[in-house]
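1. compute the structure for the input listed below.
(chains A and B)
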Amino acid sequence: MTTNDNTTVKITTNLLSPTIDLKRRYRAERWFKRLGLSAIVLALSFVAFLFFTIISDGYSAFTQSYIELDVHFAEDEFTNENLAKANFPALVKESMRAMFPKVKSRREKKQLYSLISPAAAYRLQEIIEADPKIIGTTLKFWVLADDDVDMFMKGKIDRNQNEDNRRIRDNQLTWIDKLIDDGRLERRFNWTFLTSGDSREPELAGILGAAKGSFLTLLITLSLSFPIGVASAVYLEEFAPENRWTDLIEININNLAAVPSIIFGLLGLAIFINFWGLPRSTPVVGGLVLTLMTLPTIIIAGRASLKSVPPSIREAALGVGASKMQTVTHHVLPLALPGMLTGTIIGMAQALGETAPLLMIGMVAFIVDVPAGITDPSTVLPVQIYLWADSPERAFTEKTAAAIMILLTFLVTMNSLAVFLRKKFEIKW
Amino acid sequence: MMYTYLLPCILLISVGAYFLGTSRANALAEASGGVRSLHSLPSHYGMFTALNSAIPALLVFATWKILEEYVITSTVTRSLPAEFLQISANELTLVLNEVKNVAFGGFASDNTTQAIQAAANQYVTTMNWARNLISVVTLCCSIIPAVLAYKIIKKDLRARNLVEGAAKTFLILCSAVAIFTTIGIVLSVLFEALRFFQAVPFSDFLFGLQWSPQVAMRADQAGSSGAFGAVPVFVGTLLIALIAMLVAIPVGLLAAIYLSEYASPRMRTWAKPMLEILAGIPTVVYGFFAALTVAPLIRDIGTSLGMTVSSESALAAGLVMGIMIIPFVSSLSDDVIHAVPQSLRDGSYGLGATRFETIRFVIIPAALPGIVGSILLAVSRAIGETMIVVMAAGLSADLTFNPLNAVTTVTVQIVTLLVGDQEFDSPKTLVAFALGLLLFVFTLFLNFVALRVVRKYREQYE
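-> Residues are numbered from 1 along each chain as shown, chains lettered A, B, ... in the order given. The predicted structure follows:
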């Protein structure tokens, strides 16, 4: 024991070989480093997991199941002058019956008809109205299948499950199999999703209405927040005297940047809607609320970018006789503009993803029509995602995830544009 | 019909005024030996004329826009037959709405009386008459000042100073928008909240243990008396925020320390933006993720371990919110750690400390105020976060501290109470504004403290 102790003491004094103490310290060092690395890995794997779930949930929404029908436009159905009065659902049902002549009982017939989306009848009506000459002929059409059939085609309904637990019955399964064998049931690219408004039927629901609503709202936001934001940044950075008024404005801007977004919704509800009497659920109110929300972001980015313009530029301009205003508008502002644009794009991206304040001002209404102007009731992409996520139908889950994919695509594009602008116009003084 | 094109007209006139002003200035300059002899550039004289034309016209137009509704309805109300003058304000609003429908829609429903039809006609004539008058007045206000301004253009008119003064006023007004926003927030939340506190005492709201804001329709209805004790809501909010911070603080802080102290510059350049992605994802996406992926996952794990887990557990919402907040903590702390002077690190290394020891005994103590500030900011984020909790946390206001139960939060209650049809005279709607007021005051307090702490800390090393 004694000799051992002696050796330890000896080693301690030798700087070139590590002591037990030093080993312990190095071990702690390594552990800490690993801990930090694993925190980053953990955070990044959250990102990966999030994207993975959303893409795996959502990619299937870009296809939709269609069923091919042989529709006979019997002349006696179209005796009425008004073509829209004809019984189009009956035409669809008849062609379904013709495909499966063995189906006789009332209950089975009902199950058979439910394979087809109610939209099929509207499609026939459109076709007839476009070309009435086809009356009396038999034509082949691909029409939308019901959302349950679609879910089955996408493997989201398990055929091995007990019949009572799944939304597709056994005899419906045999019909579906027959349709697939005949080549009359297939998945095609889902144009409906990209070109139509909201619907209660998942197979008819699309995001165009919400996307247009988002576009109009952002248009208002951009056209108000960019000029106001740039002007206040210029004032605060270039003109404002150092006094309490300026301090007050600065404190206000910093605090507004951190106020919860839902509070801005309360402001919009109480002031823009109840007090000013602007129409509810419209892009104009949404745009105003989002303007107030994004202003702090734009002002703070704008000030940073004005600060980075070296004072020598200002001194040179002033030296050759420019006024303060001319110095700013002719020299400082053009140099700071790329940075301001970057900040604006980031602010717009925030506004595009914002949901909570828009719920407050009634943009959650169920709106089928694509909005035409800024005073039409409309919804926006994130709110549409919220609405669909709340819908009980299974098929809306994939629509939600697909809408998220589209929203994220827009956001990624905007942010990359901001990064690109920053890289391209960045000036190293 | 001039009214529809009034704004473009004003714009056109001021553009014209600009060119007239410029050409007059040029003519003056030519007469007296070049632009040098003028006080300002010709374009300044142009702007001077244009502003003189546009500003008064726009002011008149804006004033009319604000007053229009009031002026016309009050004229129509006065013209209504005597029997309408006795009815209550609410009924009068209905009558006026019908008058407007008839006036604009042109359709008369079956029970449209003679009086309403007459009032609608009156409405249309009054409006047309008023709009024509306003068009003429606005155009006069646009042309006459422009002509006057044109007349007074002289060699030594200080046009530049006047124009720049106007521009500066515009800049000041724009920067005051921030103040107006704050005032707007305070007023809009405060007034409705005060109306609520007239119906329900402040102490009952702040300390009551029972929350069920659905007010009974009838007095004798059972089990829905409308209780406004907000404590369960506060507890739910704090519980979820606590879970979120338990995720975000360690992960965010460790990530920040690793990135600023250990990572190579190359790793920094790609890992930092990757982390920022988490901050850029819209909260509704996190809500979807929490409600459809994380909550079922936690419930399944809990059930397999033999625990009863609510399908809308506080844990799911808190976890996902924590993930969302990681980048806030990490980027703010990263800035703070970066601000610690290199000399402190060098001194510590010089004494033979390892990196870990330097971080633990030098950098963290030095950066602590800043780190605390960034955590406070993150807490205020967590408390004000709405979509994740709306989608993943429930509505049940049970007073519980169990993270596996469903809880509700301030923001969830605001959303539920205010989405859909609102009646602005029932405490059920007004309580949302009281909650909003509390949320605003509390987050404002947190932000204020956090910003002060961070600023003070920065000054220490500058």
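2. contacting residues for residue 68?
-> As the question left the chain open, I've gone with chain A. A:140, A:141, A:142, A:143, A:183, A:184, A:185 (C-beta atoms under 8 Å, 6 or more residues apart in numbering or on different chains). Where you see a C-beta, it was placed from the backbone N, CA and C, and this is true even at glycine.
3. looking at chain B here, not the other one
-> Counting by C-beta under 8 Å, 6+ apart, residue B:68 touches residue B:130.
4. list the buried residues in the helix or strand encompassing it.
-> If you go by DSSP states H and E, residue B:68 is part of helix B:42-79. Along helix B:42-79, these residues count as buried under the neighbour rule (16 or more other C-beta atoms under 10 Å in any protein chain shown): B:42-54, B:56-58, B:60-61, B:64, B:72-73, B:75-76.
5. now, the contacts of residue A:68 that are in strands?
-> Within the contacts of residue A:68, residues falling in strands by DSSP state E are A:140, A:141, A:142, A:143, A:185.
6. ok, and the most crowded of the residues you listed?
-> residue A:185 (23 neighbours; other C-beta atoms under 10 Å in any protein chain shown).
7. for the closest residue to that residue other than its chain neighbours, give me its contacts.
-> Distance criterion C-beta to C-beta, 6 or more residues apart in numbering or on different chains; nearest residue to residue A:185, sequence neighbours excluded, is residue A:179 at 3.8 Å. For residue A:179, the contacting residues are A:67, A:99, A:115, A:185, by C-beta under 8 Å, 6+ apart.
8. wait, the second one sits on residue A:67?
-> No: between residue A:99 and residue A:67 there is no contact under C-beta atoms under 8 Å: 9.2 Å.
9. for the record, mean pLDDT for the helix or strand harbouring residue A:420?
-> Using DSSP H and E, residue A:420 falls within helix A:395-425. Helix A:395-425 carries an average pLDDT of 91.
10. for the residue nearest to residue A:307 when sequence neighbours are not counted, report the pLDDT, please.
-> Closest residue in space to residue A:307, ignoring its immediate chain neighbours: residue A:237 at 6.5 Å, by C-beta to C-beta, 6+ apart. Reading off the confidence values, residue A:237 has pLDDT 93.
11. in a helix, residue A:237, correct?
-> Yes: assigned with DSSP: H, G, I helix; E, B strand; the rest coil, residue A:237 falls within a helix.
12. re the thing from before, now name the helix or strand holding the residue nearest to residue A:185.
-> Using DSSP H and E, residue A:179 falls in helix A:170-181.
13. mean confidence for that helix?
-> Mean per-residue pLDDT for helix A:170-181: 86.
14. which parts of that helix are buried?
-> A:172, A:175, A:176, A:179.
15. between those, which sits nearest residue B:393?
-> residue A:172 (37.8 Å; C-beta to C-beta).
16. any idea how many residues pack against the nearest residue to that closest one once chain neighbours are set aside?
-> For residue A:172, ignoring the flanking residues on the chain, the nearest one in space by C-beta to C-beta, 6+ apart is residue A:111 at 5.5 Å. Residue A:111 has 17 neighbours, counted by other C-beta under 10 Å.
17. picking that back up, what about the helix holding residue A:420, near chain B?
-> Yes: residues of helix A:395-425 contacting chain B under C-beta under 8 Å from any C-beta of the partner chain: A:397, A:400, A:401, A:404, A:407, A:408, A:411, A:415.
18. so which bits of that helix are buried?
-> Quick answer for helix A:395-425 (16+ other C-beta under 10 Å): A:395-408, A:410-411, A:414-415, A:417-418, A:421-422.
19. just the mean pLDDT for whatever helix or strand residue B:319 lives in, thanks.
-> For residue B:319, the enclosing helix or strand under DSSP H and E is helix B:314-338. In this model, helix B:314-338 has a mean pLDDT of 91.
20. is that helix up against chain A anywhere?
-> Yes: part of helix B:314-338 sits near chain A under the criterion C-beta under 8 Å from any C-beta, namely B:323, B:326, B:327, B:330.
21. closest to residue A:426 out of these?
-> residue B:327 (22.8 Å).
22. which non-adjacent residue is nearest that closest one?
-> In space, and not counting its chain neighbours, residue B:327 is closest to residue B:279: 3.9 Å by C-beta to C-beta, 6+ apart.
23. didn't that neighbour look like it was pressed against residue B:332?
-> No: Residue B:279 lies out of contact with residue B:332 (C-beta under 8 Å); the separation is 10.9 Å.
24. who has more neighbours out of the two?
-> Counted by other C-beta under 10 Å, residue B:279 and residue B:332 do not tie: residue B:332 has more neighbours, with 22 against 15.
25. got the contact list for that one?
-> B:370, B:373, B:374, B:377, B:378.
26. which helix or which strand is home to whichever residue of the stretch 1-150 of chain A sits closest to chain B?
-> Of all residues in the stretch 1-150 of chain A, residue A:36 sits closest to chain B, with a separation of 2.9 Å (C-beta to the nearest C-beta). Residue A:36 is part of helix A:20-58, with elements assigned from DSSP H and E.
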